[in-house]
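1. next one to model:
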Amino acid sequence: MSDVHPLVWRNGSLVEIGEASPSIASISFHMGTGVFDGMMAYWTEKGHHVFKGDEHFSRFLSSAENMGMPTGWTASKLQSATLDILKTGGASTYYIRPIAYRGGPELWLTGAEGRPVDVSIFAVPVDGSLNKPLICHYSKIERISNAAMPISWKVCGLYVNSYLARRNAERAGFDDGLMNDRHGFVSEASASNVFFIKKNRLLTPKLSGDVFPGITRKTVISICREHNIDVTEASLSRQELDVDGAFLCSTLMELRPITRLGDALLDTLNLDIYRAISSAFSSMTRGRRLPL
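-> Residues are numbered from 1 along each chain as shown. Here you go, the predicted model:
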C-alpha cells in the first residue's frame, strides 16, 4: 500500500500529495486529534463504484463534528471530490482515505477548537483481499474502553490500540489478534469486526459500546437476513467459542476467513454459510447489484 496516488484533494483543490502534509508542529500530528474514514472504490465494467460512500462520508463528518473540528464540507461534495481523484487514475480498485486535521504549526491543546481544519482525501490502489485466509490469536492487548474514548468516532489517536494489537500478533507469528473488552468479552480484531460460525449460524460480539459499529459488519448482517441466515449478537467469552469457522470484516480487509485461531484449525473456507456470504458480498461491492 505504499503506491499512493500522486494527487490529493485538499480543501477544494487537487494538489500534489506533499502539499497536503501538516506542519511538524501540528497538534493533530502530535496528539492524534485528527479524524479519518476509509472506503473502497471498486473498478467495474461501468467505472468506479464507491461502496456506500455517502454512509462513510457522513460518519467522517460526524466524527469531525464530535471532535470540535467542523469541516464546512458536505458528504456529497466529498464524494464528488473523490470522483475527481479517481478520474485521474487508471482502471484500478482504490482504497479512499479522507482525513481532517489541524495542519498549522500550533501545538497547544488550549484554544485548539479555534484553529483552521484541513480536509484531504487520497487514494491507494489495492488488490482485492477477499477470501485470503488469516491465522489469528487471542490478543493480550485489551480493547480500549468506550468510557475512555468514544469507539464510534474514527479518531486517529484511538488506533494506537489497533497498532499495538496487530504488532503483538505479528510478533507472535499471527496475522491479527482478537481483543477482549474491559468486561472480558471478545470485542474485535485490531481494525476489523469478527464473526464466528457455529452449526450453520453466525455469532458476533454485540455493539456494547466497546465494539466498533462497522459499515461492513452491518452489511454482513444485512446479507444474512436476506439469505435467512441466523445471526446472534451477544456478549461472547473465549471459553464458549468452540466454533466451526470465523472471519474478519472491514472496509479494506473485506471478508477474510480465519483458518487458525490460536491452536484450533478452522475449516472456514469450505463452510457453505461462509461461501454464500462471501459471494453475496462480492456481488454487492463490485456493483453487480444495488447495496442494501
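2. so for M1, what's the pLDDT?
-> With respect to pLDDT, M1 scores 47.
3. over to T44?
-> 88.
4. pull the number of nearby residues for it.
-> Neighbours of T44 under the rule other C-beta atoms under 10 Å: 14. Where you see a C-beta, it was placed from the backbone N, CA and C, and this is true even at glycine.
5. so it makes contact with R286?
-> Yes - contact criterion C-beta atoms under 8 Å: T44 and R286 qualify, at 5.7 Å.
6. who are the contact partners of the residue nearest to M179 when sequence neighbours are not counted?
-> Excluding its sequence neighbours, the residue lying closest to M179 (C-beta to C-beta, 6 or more residues apart in numbering) is R143, at 4.1 Å. R143 makes contacts with 161, 179-182, 187-188, 210-211, as judged by C-beta atoms under 8 Å, 6 or more residues apart in numbering.
7. against D210, how distant is R143?
-> R143 sits 6 Å away from D210, going by C-beta to C-beta, to the nearest Å.
8. okay, and the common contacts of these two?
-> Shared contacts of R143 and D210, counting by C-beta under 8 Å, 6+ apart, come down to 181-182, 187.
9. okay, the contacts of R143 in TSV with neighbour count and pLDDT next?
-> Formatted as TSV, those follow (neighbours: other C-beta atoms under 10 Å; pLDDT from 0 to 100):
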residue	neighbour count	pLDDT
N161	20	97
M179	26	98
N180	21	97
D181	21	96
R182	16	95
S187	26	97
E188	27	97
D210	22	93
V211	25	96
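10. which members of those are positioned in helices?
-> N161 (DSSP state H).
11. which one among the contacts of R143 gets closest to L61?
-> Taking C-beta to C-beta as the measure, L61 lies nearest V211 of the contacts of R143, at 22.1 Å.
12. identify the residues contacting that closest one.
-> Residues near V211 by C-beta under 8 Å, 6+ apart: 143, 151, 181, 187-188, 193, 205.
13. isn't G128 up against E254?
-> Yes - when contacts are counted by C-beta under 8 Å, G128 is listed as touching E254 (6.9 Å).
14. neighbour count: these two, which is higher?
-> Using other C-beta under 10 Å, the more surrounded residue of G128 and E254 is E254, with 23 against 14.
15. and the pLDDT at that one?
-> With respect to pLDDT, E254 has a value of 94.
16. equivalent analysis for N270, please.
-> Here, the pLDDT recorded for N270 equals 95.
17. how about stretch 65-75: buried residues?
-> Within stretch 65-75, the residues scored as buried using 16 or more other C-beta atoms under 10 Å are 67, 69, 71, 73, 75.
18. show me what counts as buried in the one helix or strand H49 maps to.
-> Under the criterion of DSSP states H and E, H49 resides in strand 47-50. Buried positions in strand 47-50, judged by neighbour count with 16+ other C-beta under 10 Å: 48-50.
19. and if you look at stretch 267-280?
-> Neighbour-count burial for stretch 267-280, counted by 16+ other C-beta under 10 Å, picks out 268, 271, 273-274, 277-278, 280.
20. T259: which of the residues you listed is nearest?
-> T268 (5.9 Å).
21. residues in contact with the closest one?
-> Neighbour list for T268: 133, 197, 244-247, 257-259, 274 [criterion: C-beta under 8 Å, 6+ apart].
22. hmm, which two among those are most spread apart?
-> Put simply, by C-beta to C-beta the two of these set farthest apart are P133 and D244, 14.9 Å from each other.
23. ok, the residue lying closest to T251 once chain neighbours are set aside - how many residues close by?
-> Take T251 and drop its neighbours on the chain: the residue closest to it by C-beta to C-beta, 6+ apart is G38, 4.9 Å away. G38 has 18 neighbouring residues, counting by other C-beta under 10 Å.
24. I'd assumed M253 was in contact with G38.
-> No - look at G38 against M253 with C-beta under 8 Å: they stay out of range, at 10.4 Å.
25. list of residues touching the helix or strand containing R260?
-> When elements are assigned from DSSP H and E, R260 belongs to strand 254-261. By C-beta under 8 Å, 6+ apart, the residues outside strand 254-261 that reach it are 40, 128-138, 178, 192, 216, 220, 243, 245-249, 265-269, 274, 277-278, 281, 285.
26. after it, next one along is what?
-> Later in the chain than strand 254-261, the nearest helix or strand by DSSP H and E is strand 264-265.
27. look up how far F281 lies from the closest residue to P257 other than its chain neighbours.
-> Nearest residue to P257, sequence neighbours excluded (C-beta to C-beta, 6+ apart): T268, at 3.8 Å. Separation of T268 from F281 (C-beta to C-beta): 14 Å.
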